[in-house]
Structures are given as C-alpha cells and as structure tokens.
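**Student:** sequence and predicted structure, then a few things I'm wondering about:
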Amino acid sequence: MSSSASGAVLKNATSFFSAKTIKTNKNNTLKNKKRMKPSSKAATAVLQTEHKGSLISSTSEWNSLKEHVKDIEKTHLRDLLKDYNRCENLTLEHDGVYVDYARQRVTEETMEKLYALARASGVKEKINAMFSGEAMNSTENRAVLHVATRAPRSKVINVDGSNVVPDVHDVLDKIKDFSDRVRNGEWVGHTGLPLTDVVCVGIGGSFLGPLFVHTALKTNQSHAADAQGRNLRFLANVDPVDVARALNGLNPETTLVVVVSKTFTTAETMLNARTVRQWIIAALGKEAVSKHMVAVSTNLKLVSEFGIDPKNAFAFWDWVGGRYSVCSAVGMLPLALQYGFETCEQFLKGAWSMDEHFATAEFEKNLPVTLGLISTWNVSFLGCDARAILPYCQALAKLAPHIQQVAMESNGKGVTIDGTPVDYPTGEIDFGEPGTNGQHSFYQLIHQGRVIPCDFIGVIKSQQSVYLKGEIVSNHDELMCNFFAQADALAVGKTPVELRAENCPDTLIPHKTFTGNRPSLSIMLPELNAYTTGQLLSLYEHRVAVQGFVWGLNSFDQWGVELGKVLATRVRATMHDKRNEGKMLDSSDGYNHSTERMLNRYLQGKAQLKYDTPSDVFPCDLINSEECRPPSSYA
Ligand SMILES: O=P(O)(O)OC[C@H]1O[C@](O)(CO)[C@@H](O)[C@@H]1O
C-alpha cells in the first residue's frame, strides 16, 4: 500500500472512531461555511481544497482506478466474455446465493484495485465498528446495529457496555407469544371474533421492508399455507385514497391495526393512525382500541399517550435505522401475525447467514463487499448514475422500492461523515420492475440509450410451477430464458456486420445496432422463501454500507428528508389560519409568489366544493362518524 494510502487509512480510521476528531472537523467546516462568499460553488471548492486529505479521492488507490478507466475503455464485454478463466473467476457463492459479475466492465486487475480501494478506505475497520456497536452514526450519536436484530440468542453484541441481544430476543419472544395467540384465536377482538385481518400503518422504513418481505412470501406455497384465512395490508400514504383502499371491505370487528413508527411522530403515520383509530371507535366504541390496536416503536411514551396500552407495544431501539428495521418488530410482528413465527425465524436466519459472511469472509470472496465495490466503480469511475434492479421473479416486485429507500436515503449525501463536501458523485438512482414486464417498458433505454448497470435476479425453483402440455419449456423456464438472454443482449450487443449478414436494409442498420458493453450482474437463488429473502435483504443492505464506507459517508442518517417536513408544517398552519380567517394569502405571508398563487388557487377550489355527506370525503364510505365530517368552513 502506498504511503498516501496508508495515511488515508489512518486518517479515515481516526475520523471514524474518534468523536473528538469529528467535532474538530465539524468546527472547521462551520468556520469554513462562515467564510463562504460569493458563490457556493467557490466555497465548495475552498472546502474541498482544505479537506482534500480526508477524501478517498485523494488516495493513490482512487487515482490508480481513475487511470485504469482508460484500460477498461479499450475493452468490450463481447471480448471479455470469451475469456473462460475470467468467467470462472468473476463468480461468487455463499450459502446457495450465486453471483456472476462477468458482465461487469471489470478485469481481474480492476477487482484487485477495487479491493485495494476498500482497504484504503477502512472498509474492514468500519465493518468491525458496525458489528461491535460503535456509535458510527456520528451525526445522531448512535450505533448501527440492525445486524443485532437477527443475531442468534447466544451472540454477544454490546452497546455502551451492555449486551443488546437478550433485549432483541425478549421482543422476539413477545412477538411469538402475541402472534400465536392472535393466530390461534386466544386473543380476540372486542366483540369476541378472531382477528384475521391486519392493517399495518407506517411509512418509509416502517413500511417498505415489511411490504417487500410480505410480497416475497405470499405466493410461496408453504408460507401461503401458513397464512391461510389471514390478510395483511399496509397503509402508508397520508392520501385518504390509501386509507380507503387499505380499509376497503374490512370489518373492524376482525381487524387488528399495527401502528409502526420508530419515532411515533411521523405526521403521515400519526394522522393515518388517528383516522384508523376513529374507524374502530366509530364501529366498536372507545374501549375496543386496546384489543384492536398495537404498536411498534422506540418511543413507548408516545405510544401510551396515543392510547395504545404499553403492554401491547413492541419495542425496538434507536440503533436500528428505519430503513434497516425490517428484522426488528417493524417487520417481524406483521409477518409473524401473517405467516407464524417460525417463518420469521427462517427469515432472520437467512439474513444472519449473510451478515456473518459479510463480517468474516475475505474481501475477494465477500458478496456484499464485492457488489458494493462494483457499484462504486460504476458510479464513481464509469459515470453511471443509475442502477436497475430487475428481478425475474414476480414475488420480488417490491425489492426495488425497498432498495430505493435503503440505498438512496443512505448514500444520497453531499458531504463525508466529517462534513467535507465530496468531489465525486455518491449514491445511485435506483429503479426497477420485475422482468419480463420491464422489458416491455424501459429496457429500450437500457439497450440503446443510457448505460445503466442492471442487477438481474432469478430463482431456480419457482414458487409456482406451471408446465403446459405441448410447450417445450415450463412457464418459469420461459421467464428465466429472458433472464439469461437480456444480460447477454446488454453485454454483447449486435454489430452492423451481423445485421448486414442478416440482409438488414442499410437504412435500418443504425437503428438496429446494439452497441453492447452494457454492464450487469446476475444473482441466482435456489428458490424464494423466508430464508433466501433474508439473505437477499442482508446482501443489499451491506452492499449499500460498503459503498458508503468507501465514499466516506455517514450512510445511516437522513437529514435530507427534514426540510420538506418543516415546510409542510408551515403550510399546514397557513392553510388552517387562512381558512379560519376566510382570507387568501398575500405577499406578507412570506411565501414566494409561485407558492402563494398555487395555495390560493387550491384554497379557492376547495372552498367551492360541497361535501353533502362524509362519504364524499372518504370515497368508499369507510368512515362514517361525526369526528370525520369535513370542517364546516368547507361547505
Ligand atoms: O418510523 P418513523 O419514525 O415513522 O419514520 C418513517 C420514515 O421516515 C424517515 O425518517 C424519513 O422519510 C425514514 O427514514 C423513516 O423510515
């Protein structure tokens, strides 16, 4: 390792482990910020120069990769894929999860350089810090221990000197006990009926992970058998249409509501929780709430103030980030209610298997480390801004939305953990749809437009087996034929020479040419069940962490979501005041002219609406009580 690189390691390790250093750097940043003069661009440049030493981009490892881009630009995947040994070497496997990254624009030399970059950026030290409960989320002074939520009972993981694993298992035991009682009809609703329907109210990390896992499991035949006669729904958006859809057709007498919120202050969740509480009260009376509403939160005080019996609250901890919380009660309670606790245990075991691999395997054999480095290479060196997540498995339909939050909320940052503005792009724009649907939608752009690295995910055994007489392959084979074909179409492409040989008219040759050389990686699972879903989740979570570690970010805070929330609070107050005063906004209200005009248009439009019955407000006539009538000023 070069001296500049080892210097960077030391620097990184220091800024990572020492709160004092972080504070000093922050102070410097603040001082620098005060010095910011005419343009923020110029100020950023000043900051970058002054802090250059702490950016990974100043290391010889980073620069060596930058230089290496020229070598890679001379290659084409069409040729690289002819190299048998390269194809053999660019695969990885752990506990049945098989990854082929031969279709990435890398050579073995690239990989060596990337592993060196990981060492220079202290990835190993950061993994160790994470697993040992260090307060590595320094802007919130919190440990980052979602791995503890799937740790086996015997494991010891200390936070501030005390082992948190027994607490994790106490909550899991409580979930098992409660979900068993609901499922076997021992815990019944207010009128004595079994609670067969569960509505989870929560948003962001308190929604997307559980939805992803539920979607993955519901068509697995064995898990579906365990869920027979039961319904699991989610209510996330504060849009009343989502309330209507989530409650449509449900009977409050047989419905259990799980309010999931880490903070128990999220505006959307709390309004939805109050709305659903009203739905229960209107049908069954106030005293029904204790039987029909439970909560998952770190804030048990607010749970109790909301009116949910703290005995019916399932705790988790501030060292579990919202987007990393699916293995805590956030996901385990709803999933245990739907599928039984054993399914949750399988899921946690799968996640832990990948966790242990991540913590212990050498970099060259480590799936999350390797995939994280490849993504870093694509973003920071090859200039690919986006990534497509393309499961050839309908049950993984909610993987992309979940990973959007995990990856983009984690790594969509403009400064490093010590507050230094980065001089390289971070994060990537994630999107995706299951194949083959995506093929008939946005793949055109991926094949002939922008270069977007793709993750193809397939399974060997489908959850549903259909093999029609007379067909040469099964329905699942047909799906997987596309999984294999698309990756090669992207990598190999089609040349004008090939087109001419097929007698393609000259005028069409430019249109029908596929340049190829478009990177992808393929992940294959033996099947999709609770265990492999856990593995996949952990693989993506740690891959995101590796990228953040290399970029020097704090991947575990999310300050970027705050400003919009604050502004919405102000708009809410304005809306209320103006309606009460019967006035429109003017320049004295302090909004820019564009917002002022739009708000006035909205208020005027609303004022003209006539709500004859509450069902006009709640389209499916779901909520029918005095408390839910629109304010009189609407009419
Ligand atoms: O679980 P809570 O506290 O309601 O927060 C929900 C979500 O809101 C965020 O804080 C911001 O969108 C996410 O990080 C989090 O997952």
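**Tutor:** In hand now; what should we look at?
**Student:** quick one: the nearest residue to H476 once chain neighbours are set aside from the ligand, how far?
**Tutor:** Leaving aside its sequence neighbours, H476 sits nearest to S462 (CB to CB, 6 or more residues apart in numbering; 3.8 Å). In this view, the C-beta of every residue, glycine as well, is placed from N, C-alpha and C. Counting by CB to the nearest ligand atom, to the nearest Å, the gap from S462 to the ligand is 32 Å.
**Student:** and the helix or strand encompassing H576, how far out from the chain's middle?
**Tutor:** Using DSSP states H and E, H576 maps to helix 562-581. Offset of helix 562-581 from its chain centre (CA atoms, centre = their mean, to the nearest Å): 29 Å.
**Student:** show me which residues of the chain are close to the ligand?
**Tutor:** 203-206, 261-263, 266, 269, 322-323, 409, 558, 561 (CB under 6 Å from any ligand atom).
**Student:** pretty sure T215 contacts A397?
**Tutor:** Yes. Contact criterion CB atoms under 8 Å: T215 and A397 qualify, at 5.6 Å.
**Student:** any weak-confidence spans in the stretch 301-450 of the chain?
**Tutor:** Within the stretch 301-450 of the chain, no range satisfies pLDDT under 70.
**Student:** which parts of stretch 472-484 are buried?
**Tutor:** H476, L479, M480, N482, F483 (16 or more other CB atoms under 10 Å).
**Student:** can you check stretch 553-564 too?
**Tutor:** Per 16+ other CB under 10 Å, stretch 553-564 contains these buried residues: L553, N554, S555, F556, D557, Q558.
**Student:** so the first one versus T426, what's the distance?
**Tutor:** Using CB to CB, to the nearest Å, L553 is found at 6 Å from T426.
**Student:** do the same with the last one
**Tutor:** Between Q558 and T426 the distance, using CB to CB, works out to 14 Å.
**Student:** swap in the fourth one?
**Tutor:** When distance is defined by CB to CB, F556 is 14 Å away from T426.
**Student:** just the third one next, same as before
**Tutor:** Between S555 and T426 the distance is 10 Å, computed by CB to CB.
**Student:** give me the nearest residue to the most centrally placed residue in the chain, chain neighbours excluded.
**Tutor:** Centroid-nearest residue in the chain, with CA atoms, centre = their mean: V406, separated by 2.7 Å. Counting by CB to CB, 6+ apart, V406 lies nearest to R323, which is 5.0 Å off, once chain neighbours are set aside.
**Student:** isn't that neighbour right up against Q405?
**Tutor:** Yes. R323 lies in contact with Q405 (CB under 8 Å); the separation is 4.9 Å.
**Student:** any residues in contact with both of the two?
**Tutor:** G204, G205, L208 (CB atoms under 8 Å, 6 or more residues apart in numbering).
**Student:** could I get those as JSON lines with neighbour count and distance to A246?
**Tutor:** JSON lines is the format used below for those (neighbours: other CB atoms under 10 Å; distance: CB to CB, whole Å):
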{"residue": "G204", "neighbour count": "20", "distance to A246": "16"}
{"residue": "G205", "neighbour count": "26", "distance to A246": "18"}
{"residue": "L208", "neighbour count": "25", "distance to A246": "15"}
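**Student:** for the closest residue to the ligand within the stretch 351-500 of the chain, give me its contacts.
**Tutor:** Nearest residue of the stretch 351-500 of the chain to the ligand: E409, at 5.8 Å (CB to the nearest ligand atom). Each residue near E409 by CB under 8 Å, 6+ apart is listed here: G204, R323, Q558, G560, V561.
**Student:** same thing with C384?
**Tutor:** C384 touches N378, E428, V451, I452, P453, P519, counting by CB under 8 Å, 6+ apart.
**Student:** quick one: the strands in this protein?
**Tutor:** Using DSSP state E, the strands of the chain run over residues 91-94, 97-100, 158-159, 162-163, 197-201, 231-235, 255-260, 293-297, 313-315, 386-392, 429-431, 454-461, 520-527.
**Student:** relative to strand 231-235, how tilted is the fifth one?
**Tutor:** In other words, strand 197-201. Relative orientation of strand 197-201 versus strand 231-235 (axes from the mean of the first three to the mean of the last three CA atoms, to 10 degrees): 20 degrees.
**Student:** related to what we said a few turns ago, the residue nearest to H476: neighbour count?
**Tutor:** Residues lying near S462 (other CB atoms under 10 Å) number 20.
**Student:** what is the burial count for the closest residue to A568 other than its chain neighbours?
**Tutor:** Leaving aside its sequence neighbours, A568 sits nearest to A267 (CB to CB, 6+ apart; 7.1 Å). A267 has 13 neighbouring residues, counting by other CB under 10 Å.
**Student:** now do the contacts for the residue nearest to K155 when sequence neighbours are not counted.
**Tutor:** Spatially, and ignoring its direct neighbours in sequence, K155 is nearest to V165 (5.1 Å; CB to CB, 6+ apart). Residues near V165 by CB under 8 Å, 6+ apart: A148, A151, P152, R153, K155, V156, I157.
**Student:** what's the local residue count around V199?
**Tutor:** Neighbours around V199, by other CB under 10 Å: 24.
**Student:** just give me the longest helix of this protein.
**Tutor:** helix 530-551 (DSSP state H).
**Student:** so who does S520 touch?
**Tutor:** R103, Q104, P453, C454, D455, F456, Q486, A487, L490, A491.
**Student:** would a markdown table of those with neighbour count, pLDDT and distance to S328 be doable?
**Tutor:** Below are the contacts of S520 laid out as a markdown table (neighbours: other CB atoms under 10 Å; pLDDT from 0 to 100; distance: CB to CB, whole Å):
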| residue | neighbour count | pLDDT | distance to S328 |
| --- | --- | --- | --- |
| R103 | 25 | 98 | 36 |
| Q104 | 25 | 98 | 33 |
| P453 | 24 | 98 | 31 |
| C454 | 24 | 98 | 31 |
| D455 | 23 | 98 | 26 |
| F456 | 23 | 98 | 30 |
| Q486 | 23 | 98 | 36 |
| A487 | 23 | 98 | 35 |
| L490 | 25 | 98 | 37 |
| A491 | 22 | 98 | 39 |
